[in-house]
Every structure is written in C-alpha cells, then in structure tokens.
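In: Just a sequence and a predicted model for now, questions to come.
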Amino acid sequence: MDKNQRTQFNQMVERSMEQASRNLSGTKGVVSVRLSQEEIDIIDQLVFLELAKNRSDATAMLIREGIRTHQSLLNEIQEYTAELERVKAKIQQSIRNSGLLTRLQNETESDSEGKGEGVNETDEK
C-alpha cells in the first residue's frame, strides 16, 4: 500500500469510527456473512490496530463506509425497486380482477378432492 492509499484508508477508518460511535445506539440487528480469508485478514488487521473493538465492529465499519461511498447508486436501486413493487402490485391486481386466480384455486381444490375420493379398480370387481 503506497502512502496515498494509506492516507485514504486512514481517513476512511476515521470517518467510519466517528459514524459508528454516532450510530451505535441505532444498532438494529445481527447479520451473519461468509467472507474470504483475505477479507477476514483485513478485518483482523483493523482489530489488531485497535481501530475497531472486535470483528463485528470492524465489519460494520467497513459496510457503513461502502454504503456511504455508493449512496447514489443505492438510492437509484431503491427507486427501481419501488417501481418494480408498483408494477408487481398492478399485475397482481389485474390477475385478481380477471378472476383467473379464483378459477385456478378452484381447479386445484377440485383436483385434490377428486384424487382423495377416487374409486379403486379392485373395488369395482
């Protein structure tokens, strides 16, 4: 890592630590993740350097920095997701209004009832 990269990394760590301190009371949940050994080594370095208290804090710090760095892209994704949810709701409503769903459910129910009440060939003899 050259001097410029080290400086940028240190600035990122400082910003993330400040943000982590501000957000600590806002912690809402636990997420389990699988990481490569290289990623774990980086997290362990942050803990070793006492830039984070433990792996969990180091991981949270890096995730927050990634989110902050890519916030505009994440906002765009959120807008697309909201639009997709609106389209999905419209499609579902159209299907409900068409009666197709009711017909399919009725057919499924009658198929399963018919299978349970069928006459066995040996009973007919």
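Out: Everything's here; your move.
In: Can you list the buried residues in the helix or strand where M12 lies?
Out: Using DSSP states H and E, M12 maps to helix 3-23. Across helix 3-23, burial judged by 16 or more other CB atoms under 10 Å covers 12-13, 16-17, 19-20. (Each C-beta comes from the backbone N, C-alpha and C, glycine too.)
In: after it comes which helix or strand?
Out: Going down the chain from helix 3-23, the next helix or strand is helix 37-48, by DSSP H and E.
In: hmm, back to that, got the buried residues of helix 3-23 as a markdown table, with pLDDT and distance to R64 columns?
Out: Shown next, in a markdown table, are the buried residues of helix 3-23 (pLDDT from 0 to 100; distance: CB to CB, whole Å):
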| residue | pLDDT | distance to R64 |
| --- | --- | --- |
| M12 | 79 | 10 |
| V13 | 79 | 11 |
| S16 | 74 | 6 |
| M17 | 72 | 10 |
| Q19 | 70 | 6 |
| A20 | 68 | 7 |
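In: what's the most distant pair in these?
Out: By the measure CB to CB, M12 and A20 form the most distant pair in these, at 12.1 Å.
In: do you know how far Q93 is from L101?
Out: Using CB to CB, to the nearest Å, we find Q93 at a distance of 11 Å from L101.
In: how about low-confidence regions in the chain?
Out: Along the chain, the model assigns pLDDT under 70 to residues 20-27, 114-125.
In: switch the cut-off to 50
Out: Along the chain, segments meeting pLDDT under 50 span 118-119, 121-125.
In: Give me the domain ranges for it.
Out: For the chain, automatic domain parsing gives the domain ranges 1-19+33-69, 72-105.
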